[in-house]
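S.K.: below is the sequence, then the predicted model.
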Amino acid sequence: MQNTITLIFGLFISLLLAGCLNQGHPLKPAMASMAQKPPAQLNAIQMIPTQCSAELLRPALFREEPLKILVYAGSASYSNIPAEMVWSETKIQVEPARYAQETEPAQYAEVEETIEVERARSELYATPAQYQKVVRELTVKPKHKRWQPTCIANTHLSCLETVEAELVKIPTEIIKEPAQIHQRSIPAKTFKIKRKSIIKPGKGTGLILPARYETVKILRVNKPWKMIASLVPAHYETITVQRKLRDDQILTMPAACTDALNPTQTRRIQQALLQAGQNLKLSGALDASTISALHAFQAAHQLAIGGLSLETLRKLGLA
């Protein structure tokens, strides 16, 4: 059944073509190729001309870096352990032995003797480091130039402004005088005692009276002094600073003539900025929000900031 329908349809087409040829109306070449011809292409997007020149700012380039800051200076420290002293006792003869019954008296000389109860010595002692509190100023971000956010002009003189360096104050304790070791002399300690010194022994009989003694306390070194050295560590803080990698520059570049832009061209610029993620309205005018969005786009892509430069229009796909 299907083969029959196909055959009938083919005969119908053949008769129709034959009728057209017999009537003198052949198919026109344009009509014959109409089905094969692609649809007309859209006109190419018109580029925005850059017939002017403008001075733009190539901003300074910064990089965040951690910076280790000294807030407390380290120093040597010394601990002095004094000598260990002990008392001891000694007996000093103040009168010799003699006969109780002298037949020939002994001859004596009374002398005054100096007894050393503490020997002279020297010791070391330490004084700690003396600190001084100061406030240091550190540059967090160096001085640089920037383009005013809503300013657009062909010369940088009216749009450029200086941004002063950002500073931070760091309280710091520094060493005014380092720890020192000193030597001191400790003089001897003495006292005087009177005693009888025999010149000529006596003679006698009977009992001998014993010599007479006095007990004296004497201070002696049991353990010598010691000096122990140590180190007081320094203290640090870490802050984040902006390290300048490149100075700012003024560049003269081809740019669109902003005074000659029509609303259609301006709207196309705004649409391109919107597609690039900037926040603005399609006003058709080069207003403050459009200029701010333009400068934000240029900064985000590390382009020269200022006017509608050729490199910016190319980045937006408009040149």
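M.R.: Here it is on my side, so go on.
S.K.: which stretches in the stretch 201-319 of the chain count as helices?
M.R.: 263-275, 288-300, 310-315 (DSSP state H, counting those that start in this stretch).
S.K.: so for Leu160, which of these sits nearest?
M.R.: In terms of CB to CB, the element of the helices of the stretch 201-319 of the chain nearest to Leu160 is helix 288-300, at 12.5 Å. C-beta here means a position set from N, CA and C on the backbone, and glycine is covered the same way.
S.K.: by contact count, what packs against that closest one?
M.R.: helix 263-275, helix 310-315 (3 or more CB pairs under 8 Å, 6 or more residues apart in numbering; DSSP states H and E).
S.K.: verify the stated contact: Gln265 with Met47.
M.R.: No. Using CB atoms under 8 Å, Gln265 makes no contact with Met47, being 10.0 Å away.
S.K.: neighbour count winner among the two?
M.R.: Gln265 (19 against 13; other CB atoms under 10 Å).
S.K.: look up how far Arg246 lies from that one.
M.R.: 33 Å (CB to CB, to the nearest Å).
S.K.: now do the buried residues in stretch 103-121.
M.R.: Buried residues in stretch 103-121, counted by 16 or more other CB atoms under 10 Å: Ala106, Tyr108, Val117, Glu118.
S.K.: residue contacts, Met85?
M.R.: Contacts for Met85 were tallied using CB atoms under 8 Å, 6 or more residues apart in numbering; they are Glu118, Leu219, Arg220, Val221, Asn222.
S.K.: list the pairing partners of the host helix or strand of it within its sheet, with orientation.
M.R.: Under the criterion of DSSP states H and E, Met85 resides in strand 84-95. If you go by DSSP bridges, strand 84-95 pairs up with strand 212-223 (antiparallel).
S.K.: which positions within stretch 297-304 qualify as buried?
M.R.: Phe297, Gln298, Leu303, Ala304.
S.K.: can you give me the end-to-end span of it?
M.R.: End-to-end distance of stretch 297-304 (CA to CA, to the nearest Å): 10 Å.
S.K.: and that stretch, how far out from the chain's middle?
M.R.: Chain-centre distance of stretch 297-304: 28 Å, with CA atoms, centre = their mean, to the nearest Å.
S.K.: likewise for stretch 100-107?
M.R.: Its chain's average C-alpha position is 96 Å from that of stretch 100-107, according to CA atoms, centre = their mean.
S.K.: ok, and the helix or strand in the protein with the lowest average confidence?
M.R.: helix 29-32 (a mean of 36; mean pLDDT, DSSP states H and E).
S.K.: got any ranges where this structure has weak pLDDT?
M.R.: Counting by pLDDT under 70, the chain shows low-confidence ranges at 1-45.
S.K.: at the geometric centre of it, which residue sits there?
M.R.: The residue lying closest to the centre of the chain (CA atoms, centre = their mean) is Leu67, at 1.4 Å.
S.K.: apart from its chain neighbours, what residue comes closest to that residue?
M.R.: Excluding the flanking residues, the one nearest Leu67 by CB to CB, 6 or more residues apart in numbering is Val241, at 4.8 Å.
S.K.: the one you found contacts Arg63, correct?
M.R.: No. Shown here, Val241 and Arg63 do not form a contact pair, counting by CB under 8 Å, at 9.5 Å.
S.K.: those two: who's more crowded?
M.R.: Ranked by neighbour count (other CB under 10 Å), Val241 and Arg63 place Val241 first, with 19 against 10.
S.K.: residues contacting the more buried one?
M.R.: Glu64, Glu65, Pro66, Leu67, Leu138, Thr139, Val140, Lys141.
S.K.: and which of those is nearest Pro149?
M.R.: Lys141 (18.1 Å).
S.K.: dig out what that closest one forms beta bridges with.
M.R.: Glu166.
S.K.: distance of it relative to Gly317?
M.R.: According to CB to CB, Lys141 and Gly317 sit 34 Å apart.
S.K.: more neighbours: the two, which one.
M.R.: Lys141 (19 against 12).
S.K.: so who does that one touch?
M.R.: Residues in contact with Lys141 (CB under 8 Å, 6+ apart) are Phe62, Ala165, Glu166, Val241, Gln242.
S.K.: repeat for Pro82
M.R.: Glu123, Trp225.
S.K.: what values do phi and psi take at it?
M.R.: Main-chain dihedrals, Pro82, degrees, to the nearest 10: phi -60, psi 160.
S.K.: distance of it from Thr162?
M.R.: Counting by CB to CB - Pro82 and Thr162 are separated by 64 Å.
S.K.: related to what we said a few turns ago, out of the helices and strands packed on helix 288-300, deepest packed?
M.R.: When the helices and strands packed on helix 288-300 are scored by mean count of other CB atoms under 10 Å, the highest mean neighbour count falls to helix 310-315 (a mean of 19).
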